[in-house]
Every structure is written in C-alpha cells, then in structure tokens.
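with the sequence up front, the predicted model follows.
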Amino acid sequence: MTLIIDQFVCRSDNFGVLIHDTTSGLTAAIDAPEFDPIKHRLAERGWRLDRILVTHHHADHVEGILPLKQATDCSVIAPAAGADKIPGVDSTVKEGDVIPFGAYEIKVIETPGHTLDHVSYYIPAAKVAFTADTLFALGCGRVFEGTMPMMWNSLEKLMALPDDTTIYCGHEYTQSNARFALTIEPANSDLILRAREIDALRAAGKATLPTTIAIEKRTNPFLRVDEPAVRDLLEMPEATPAEVFGEIRTRKDNFK
Ligand code: ZN
Ligand code: FE
C-alpha cells in the first residue's frame, strides 16, 4: 500500500495538500485554501476528490470548499467545534476519532490555541501528520482564540508523535520563522545550518516543507522551552514550559 502526498502552493503562502491511497483510489484534500490550484492538481493527477479534511475555520483554509464540493461532489469532514463556521460540512470529528481512508486510518488530534476548533490529522501507518496552523517549520501559529497554555498543550501532543513523523503545515513561513528562531537560539548549530538551507531553497523558489518532528525538536524555538540556553536567554530559569512558550510566542508576535 502506498500513500501519495502532493503539496503545492495556494493563494500566496498557503499550501494545498492532496493525499491519494493507491490501493483504494481514494483522494482527500487537507483543507481547501483555493479552488483553482486544487482543481488543476486533481486534473493533472487524474484523481477524483472524495473528501476534504478541514483543520480549522479560517478563510484561507476553507474558501475552496463550496466550489470543490460543487465540482466533485466530495464530502467535507470538519472539527465539531468549528462546524458552524465552516461551509458545507457533512460530518464532524473530535479528539481520538479515526477516519477510515482506504488502506489507512486517519487519527484526529485536537490542537486548539490558534483557533478553538483547530485539529491536526495523523496517519500512523504513513508516518505523516498535517498540522496546518498549529505547528509550522521553525514556528507555530499565532494564538488568536485560545490561551498560551492551551497552545503549548497542543504542541506537546504533536511532540509526542514519533520523531520520524513527517509534518506538513498550512503555510510557507519558514524563512521568516528562521530569522526569529535565531534571536532565541543564536548558538544552535543545527538551527544555523537549517537557516542556510532554507535560504537556499527559497532562493531557488522551492518549498521548505515538509519537515519532521525530529528536525523541529532540534531547531524550533517553540518546542525548545526546556533548553537551558533558551531559558538563560529569556531569563526564565524557574518558569513552567507553558510560561516560556508564552514568552517566545509574545516575542514572535512583536518581531519585525
Ligand atoms: Zn489559521
Ligand atoms: Fe492559515
């Protein structure tokens, strides 16, 4: 059995992602940022869209839903907590739900904080997770609706996934995230090296994603709240992990 994952740019810095199970022929979209690029990619691949898995209610993740539904008759699966804000919902999911997808199972992990309804989708057999606007490469989503401890708890759930889990995210924000990350850990050699690789990828017009849990644990400042060097720099030796996370998130909000 094989799961093909196809990532492409939508809007300006969103990613569209299609997943296709070669055994069953089923195809799903992770979010629907924009109709045209998703429709084109489906046509190029010769895939029929069966369902859309929605991560959260923000417009840049749901605007393609209704036209895609009309064009493909796909079904729309969305987090229960956001169902009233997401168009065209056919069924809802919550923490621990398992969505059958051909030869695969897709697990629902509630990851609130960026929004209250945000969920991530995890496919253990393919070692892949779709974390949308919760975990980014070298960053995390802005905490709009939830609290800092809530967002930290969501990131901890993702950090508990196996290190070799491949992570797809909602946005290409990695290069600016790297600039900020270096202000938190200027001496992290893994981060310095990765920032250079990211600059090279972007200069070549290439995506910096997907990433992995292992790479993020080594370089993403939001996951490194227990590092002595991070706590020293922030002068927060005794703070809780959620407090250190909150400080880093606040600094990022104010970072130019
Ligand atoms: Zn969002
Ligand atoms: Fe977004």
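Cool, got the structure. Every value quoted in this text rests on a predicted model; they were computed, and no experiment measured them. Residues are numbered from 1 along each chain as shown. Ligands and ions are numbered 1, 2, ... in the order given.

state the distance from residue 8 to residue 53.
16 Å (Cβ to Cβ, to the nearest Å). Where C-beta positions appear, they are placed from N, C-alpha and C, glycine not excepted.

of those two, which one has the most company?
residue 53 (25 against 15; other Cβ atoms under 10 Å).

report the residue spans of the stretch 101-250 of the chain with pLDDT below the cut-off.
Under the criterion pLDDT under 70, no range of the stretch 101-250 of the chain is flagged.

who in it is up against ligand 2?
Residues of the stretch 101-250 of the chain lying near ligand 2 by Cβ under 5 Å from the ion: 133, 170.

nearest to ligand 1: which residue in the stretch 101-250 of the chain?
Nearest residue of the stretch 101-250 of the chain to ligand 1, counting by Cβ to the ion: residue 133, 3.8 Å away.

grab the nearest non-local neighbour of that residue.
residue 141 (3.8 Å; Cβ to Cβ, 6 or more residues apart in numbering).

may I have the phi/psi pair for the one you found?
The phi and psi values for residue 141, taken as degrees, to the nearest 10, are phi -70, psi 160.

in contact with it, which residues?
113, 114, 118, 132, 133, 134, 135, 151, 170 (Cβ atoms under 8 Å, 6 or more residues apart in numbering).

in the residues you listed, find the pair that's most separated.
Greatest spatial distance in the contacts of residue 141: 151 and 170, 14.8 Å, computed using Cβ to Cβ.

who's more crowded, the two?
Legend: neighbour count by other Cβ under 10 Å for residue 151 and residue 170, higher for residue 170 (30 against 27).

how about the contacts made by the residue lying closest to that one once chain neighbours are set aside?
Excluding the flanking residues, the one nearest residue 170 by Cβ to Cβ, 6+ apart is residue 132, at 4.0 Å. With contacts defined as Cβ under 8 Å, 6+ apart, residue 132 is in contact with 30, 31, 55, 56, 61, 118, 120, 141, 169, 170.

tell me the one among the residues you listed nearest to ligand 2.
For the contacts of residue 132, the nearest to ligand 2 is residue 170 (4.7 Å; Cβ to the ion).

now the helices for the stretch 101-250 of the chain?
148-159, 174-184, 189-203, 213-219, 228-234, 241-253 (DSSP state H, counting those that start in this stretch).

dump these into JSON lines; add distance to residue 102 as well.
Below are the helices of the stretch 101-250 of the chain laid out as JSON lines (distance: least, Cβ to Cβ, whole Å):
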{"stretch": "helix 148-159", "distance to residue 102": "24"}
{"stretch": "helix 174-184", "distance to residue 102": "31"}
{"stretch": "helix 189-203", "distance to residue 102": "32"}
{"stretch": "helix 213-219", "distance to residue 102": "24"}
{"stretch": "helix 228-234", "distance to residue 102": "42"}
{"stretch": "helix 241-253", "distance to residue 102": "37"}
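
okay, and residue 76 sits in which element?
For residue 76, the host element (DSSP states H and E) is strand 75-79.
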